[in-house]
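**Q** Sharing a sequence plus its predicted fold:
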Amino acid sequence: DIQMTQSPSSLSASVGDSVTITCQASQDISNYLNWYQQKPGKAPSLLIYDTSNLEGGVPPRFSGSGSGTSFTLTVTSLQVEDVATYYCQQYDDLPHTFGQGTKLEIK
Amino acid sequence: VQLVQSGAEVKKPGESLRISCKTSGYSFTSYWIGWVRQMPGKGLEWMGIIYPRDSDARFSPSFRGHVSISVDKSISTAYLQWSSLKASDTAMYYCAISRRLARYDAFNFWGQGTMVSVSS
């Protein structure tokens, strides 16, 4: 299986800040990388697909970049509603493994 | 698009179980449907995926042989099934559909989840 490693595991930031979450793949996955947001008590929702494409309805303060083995999710102008756990997922090879998650909190 | 999952289940070890994911609002046979496990307080685990048109199913090695996935095209419903539950199967289970036609990639629509509790 391809291993996906996210960092940090958790972070705390203030409203209006920018935050970056990184995701490292154990092998080259090209741009086959998705990001999901899971708010407390809710099902996950797709934020970004194919590394950098925003899913419909996702605010443009979310952005993704990277290729190969290293990827980032950036949230600018952090809002209270962004409190959630964020997961990366590779779909280069089965099984489509997820990272362990990054919990984002507001200070 | 809607994915409505069956309700919470409480079972004993060794019992069998089938949970469902009823879909609507799109072409059921044209998009892969997957299942994702989330154990209490833990992250997401990709379990497997099925193509409803021909029931071609793929599994994570971690789940192959312990669960089965099936569909009923007549009612646009997917199923996740266990023949012998273990306490370690206690988790929330989500169904989700793939974003692209006839391809398994990102999951862009999700069910609300089904909580399965297994305890003696």
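**A** The structure has been received and is ready for your questions.
**Q** Give me the buried positions along stretch A:93-107.
**A** Residues A:94-102, A:104 are the ones in stretch A:93-107 that count as buried (16 or more other Cβ atoms under 10 Å in any protein chain shown). Where C-beta positions appear, they are placed from N, C-alpha and C, glycine not excepted.
**Q** and stretch A:22-37, how far out from the chain's middle?
**A** The gap between where stretch A:22-37 is centred and where its chain is centred comes out at 9 Å by Cα atoms, centre = their mean, to the nearest Å.
**Q** any residue of it up close to chain B?
**A** Yes: applying Cβ under 8 Å from any Cβ of the partner chain, one finds stretch A:22-37 in contact with chain B at A:32, A:34, A:36.
**Q** Quick check: the residue of chain B nearest chain A.
**A** Across chain B, no residue is closer to chain A than residue B:60, which sits at 3.6 Å (Cβ to the nearest Cβ).
**Q** about what we covered before: among the buried residues of stretch A:93-107, which are in reach of chain B?
**A** Counting by Cβ under 8 Å from any Cβ, the members of these near chain B are A:94-101.
**Q** Kindly report the residues of chain B close to chain A.
**A** Counting by Cβ under 8 Å from any Cβ, chain B sits next to chain A at B:34, B:36, B:43-49, B:58-62, B:94, B:96, B:99, B:104-108, B:110-113.
**Q** Quick check: PyMOL command selecting the buried ones in those residues.
**A** Here the buried members of the residues of chain B next to chain A are turned into a PyMOL selection, burial being counted by 16+ other Cβ under 10 Å:
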select buried, chain B and resi 34+36+43+44+45+46+47+48+49+58+59+60+94+96+99+104+105+106+107+108+110+111+113
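**Q** Just the pLDDT for the residue in chain A that chain B sits nearest to.
**A** Here the residue of chain A nearest chain B is residue A:95; by Cβ to the nearest Cβ that distance is 3.6 Å. pLDDT, residue A:95: 97.
**Q** for it, helix, strand, or coil?
**A** coil (DSSP: H, G, I helix; E, B strand; the rest coil).
**Q** which ones are touching it?
**A** Going by Cβ atoms under 8 Å, 6 or more residues apart in numbering or on different chains, residue A:95 touches A:1, B:46-48, B:58-62.
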